[in-house]
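1. using only what follows, build the 3D model:
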Amino acid sequence: MTPSTNGRMTRHTRRQAIHAGIGLGTGMMLNQGAMRPALAQATPEASSGANDGYANAAALVDAAWVEDHRTDPSVVVVGFMPLDEFERAHIPGSAQIDYPELEVIDTLDASIADWRDEVGRLLGDLGITPDSTVVAYDEGTLFAARLWWILRYLGHENVTVLNGGMPAWRELGIEPATGAAGPVAAPVPYSGDPQPDRLAQMQEVESILDDSAVAIVDARTPQEYVDGHIPGAVNLNYPLNALPDPPKLWKPADELLAMYEEIGVTPDLYVIPYCSTGVRSAVTAFTLHLIGYEDVALYTGSWLEWGADPDTPKAEGDQA
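-> Sure thing, here's the model as predicted:
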């Protein structure tokens, strides 16, 4: 990427642009509810076994923490996986939702607003309120990071991911539950406080392709990258954020930092991860938060939106 004539757009100036109706549009400014209440008491700390030098260690919890707290009234444990997988085995008492239910591809303001309303209804159906402590887990796919990102975008800070997912919980030797999740007593649509600086829209991405203070990270496979990618993007396949052997725990912080710095993605940059639909790249966004990157916005429309638009620039081939 070539140097920008305007310099780096910081988180502060991005917010200024948003509130001026520039770049990201005004639709993202709308607060869909009252300000969040105080966080729940069962706030995850850097639980034993989950902290490997992470700057934001509370974003991960280990299976023992989940087992100790899953029955707390303030805690909502959510399996982020297909229903058939959940019904075969899940953490007792947990709710379930699948990634297609939370998908958004069109990042125009009106589409994001509609999606936000639908997500609020779905989260309420899970029993999540603004003062819940949410624990997201998966079947070892790392995709619980997508639910983490959605809640963070909605201004919900008290959300964490089970390190290693269901495979890590199985290692406790506790009998999993089977069948469907139990009903929520009185679901109420979730009202959040959207944080627009955590979401990148197509118009913004296209406007900063030549900015040297921006790093665009393609979280797809190398072959997908070769077949077509956003110009200037670097490729780092999302599974590389975790150790290869089950239960696929996140790599230690020093390994992750070295891995990203090796491809030129340093903490001083404004980082925009993307993939095909915003699920795999949410793993990248989560990982960067975990190791202390402060200026990260997920391009949730990803290649499905970008590649379908005939007017967006596209590149092919290996990265330099």
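
2. check contacts around the residue nearest to the spatial centre of the chain.
-> In the chain, the C-alpha nearest the mean C-alpha coordinate belongs to residue 149, at 2.9 Å (Cα atoms, centre = their mean). Residues counted as contacts of residue 149 (Cβ atoms under 8 Å, 6 or more residues apart in numbering) are 198, 282, 285-286, 298. In short, each C-beta sits where N, CA and C put it, glycine included.

3. show me these that map onto strands.
-> Secondary-structure check on the contacts of residue 149 using DSSP state E: residues within strands are residue 298.

4. nearest to residue 264 among the contacts of residue 149?
-> residue 285 (17.3 Å; Cβ to Cβ).

5. wait, isn't the closest one in contact with residue 145?
-> Yes: the pair formed by residue 285 and residue 145 meets the contact definition of Cβ atoms under 8 Å, at 7.1 Å.

6. what about stretch 153-165, distance to the chain center?
-> 8 Å (Cα atoms, centre = their mean, to the nearest Å).

7. report the rounded mean pLDDT for stretch 265-280.
-> Confidence for stretch 265-280, expressed as mean pLDDT, is 98.

8. for stretch 52-61, that is, sorry about that
-> Averaging pLDDT along stretch 52-61 yields 95.

9. how much space between residue 299 and residue 191?
-> In this view, residue 299 and residue 191 are 25 Å apart by Cβ to Cβ, to the nearest Å.

10. which of those two has more neighbours?
-> For residue 299 versus residue 191, the count of surrounding residues by other Cβ atoms under 10 Å is larger for residue 299: 26 against 18.

11. what bridges to the more buried one?
-> Each beta-bridge partner of residue 299 is listed here: residue 200, as defined by DSSP bridges.

12. state the pLDDT value of it.
-> According to the per-residue confidence, residue 299 scores 98 in pLDDT.

13. can you give me the helices for the stretch 201-320 of the chain?
-> Taking DSSP state H, counting those that start in this stretch, the helices of the stretch 201-320 of the chain run over residues 202-207, 222-227, 253-262, 280-290, 302-306.

14. I'd like those as a markdown table, with mean neighbour count appended.
-> Supplementary listing: the helices of the stretch 201-320 of the chain in a markdown table, determined by neighbours: other Cβ atoms under 10 Å:
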| stretch | mean neighbour count |
| --- | --- |
| helix 202-207 | 18 |
| helix 222-227 | 15 |
| helix 253-262 | 16 |
| helix 280-290 | 27 |
| helix 302-306 | 23 |
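
15. what's the closest of these to residue 100?
-> With Cβ to Cβ, the closest approach to residue 100 among those belongs to helix 302-306: 12.3 Å.
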